[in-house]
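# Any chance you can model this:
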Amino acid sequence: RQIRMLGLDGKYTQLLVDNLPGPRGLNVVQGLSFIPGPWIDNISISKGTGSVSGGYESITGQINVAMRNPENAEPLHINLYTSDAGRLEWNHVSAHQVGRRWSTALLSHAELGTTINDRNGDTFLDTPLKRDIVLRNEWKFRGDRGVRGEYSVSAIHMDRLAGQTAAFEQLSKPFAELQSFLKDTLPVPSNPWTAATEISRLEATAKTGYVFPGQSWKSIGSQFVVSKHNQDHKFGNRSYSGTENYFRGNVLFSSIINNTNHKFTSGISVVYDDFNEVGTWSAESDEWYASNDTLVRTEIVPGAFFEYTWTAGERLVVVAGLRGDHHNMYGAFASPRLHLRYSIAEETSLKLVAGRGFRTANVF
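Sure, this is the predicted structure:
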């Protein structure tokens, strides 16, 4: 699944969820599958390098997916789907007021597909067998003295089985044999080609802000996200196992210079990203037999940023930002960025974007 808007897609576009890091790292390929459509409130995009407050990974653009939350979700929304291909799907969003200051939203998604379909008769499954469950709980706090808070926790489990139908026709409960598929220990006649995937993910986020009384343009806030991601794959005779532990913390201060035509945001951030990946390719006819490739790395990246916004009347807006980071493996680097927009008419504008971005490649 991909988001492709105005030419923005691919790994050089930074994906955000509620302005926090979204699908990235080991989660970048399957990550959008963990965001069910009925959960989305809106999607906004920025072409070119994005805001420096969002980090250094935006290169060709930023896409922010805003989720339904306690303030904009319906009291109860349920979406059910089924098809003759054997796919069953459940989506649920509900908002609840808990006291005067607290409100919460519960979101759930489940998908099940266990029907073996081979309508074109090529001996391969037309669609993978799947079993997914995604849960999210978000809380909002609105204090009396300018304190605001948004906190969420998400849990995900995904199973996929694909390949030749002969591997599944004799199994009444194929997902019960998922580990056998992953470890290639399932005794199946004629040794058909199979593919198996198992992904588990746990993520928590916290955003806390304070708006100064009588100064709505002046605020201080923090953003934290922590996640643990595990995935196992097997495609034919190639196996892969990956684990990523991720943490990002952001502290921001926003204010103005003289008047609201001159705004700025400054802050500090730190990223901790720990990877452990193992790939195995065992084939008797190849020189690389029963061998393992292991990629282990731990990235620690502290940084600081400053962004200035100048609004000249109703036509011209200039956003200039600079952030500096120090990577424990690749040293120090700077990310200057400039956004300029000039409105020629009510529905016509010119935009100019320039800047630098960086990302670490995950080879597997």
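# Isn't residue 225 up against residue 203?
Yes: using C-beta atoms under 8 Å, residue 225 is in contact with residue 203, at 7.0 Å. Using the backbone N, CA and C atoms, a C-beta is placed for each residue, glycine as well.
# Common neighbours of those two, please.
Common contact partners of residue 225 and residue 203 (C-beta atoms under 8 Å, 6 or more residues apart in numbering): none.
# how about the strands of the stretch 101-250 of the chain, start to end?
102-113, 129-142, 147-163, 194-211, 219-235, 238-257 (DSSP state E, counting those that start in this stretch).
# The shortest one to strand 147-163, inter-axis angle?
Pointing back at strand 102-113 there. For strand 102-113 against strand 147-163, the angle by axes from the mean of the first three to the mean of the last three C-alpha atoms, to 10 degrees is 0 degrees.
# For the strands of the stretch 101-250 of the chain, give me a markdown table that also has distance to residue 78 and mean neighbour count.
Output for the strands of the stretch 101-250 of the chain, formatted as a markdown table (distance: least, C-beta to C-beta, whole Å; neighbours: other C-beta atoms under 10 Å):
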| stretch | distance to residue 78 | mean neighbour count |
| --- | --- | --- |
| strand 102-113 | 10 | 19 |
| strand 129-142 | 15 | 18 |
| strand 147-163 | 19 | 19 |
| strand 194-211 | 24 | 19 |
| strand 219-235 | 28 | 18 |
| strand 238-257 | 32 | 17 |
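# Mind checking those strands for the one nearest to residue 357?
strand 238-257 (15.9 Å; C-beta to C-beta).
# rewinding a little: looking at the strands of the stretch 101-250 of the chain, which is closest to residue 304?
Here strand 238-257 is closest among the strands of the stretch 101-250 of the chain (C-beta to C-beta), at 10.0 Å.
# immediately after that closest one, which helix or strand?
strand 259-281 (DSSP states H and E).
# then that following strand to CSV, C-alphas only?
What follows is strand 259-281, C-alpha atoms only, in CSV (Å, rounded to 0.1, in the frame of the first residue of the first chain):
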residue,chain,number,x,y,z
ASN,A,259,4.7,40.8,16.0
THR,A,260,3.0,37.7,14.6
ASN,A,261,4.4,38.4,11.1
HIS,A,262,7.7,37.1,12.5
LYS,A,263,7.4,33.7,14.1
PHE,A,264,10.0,31.2,15.1
THR,A,265,10.3,27.6,16.5
SER,A,266,13.4,26.2,18.1
GLY,A,267,14.2,23.0,19.9
ILE,A,268,16.4,20.0,20.5
SER,A,269,15.9,16.4,19.6
VAL,A,270,17.4,12.9,20.0
VAL,A,271,17.0,9.7,18.0
TYR,A,272,17.9,6.2,19.2
ASP,A,273,17.5,3.5,16.5
ASP,A,274,18.7,0.0,17.1
PHE,A,275,18.6,-2.6,14.3
ASN,A,276,19.3,-6.3,14.3
GLU,A,277,18.7,-8.0,10.9
VAL,A,278,19.6,-11.6,9.8
GLY,A,279,19.2,-12.9,6.2
THR,A,280,19.7,-16.5,5.2
TRP,A,281,19.8,-18.0,1.7
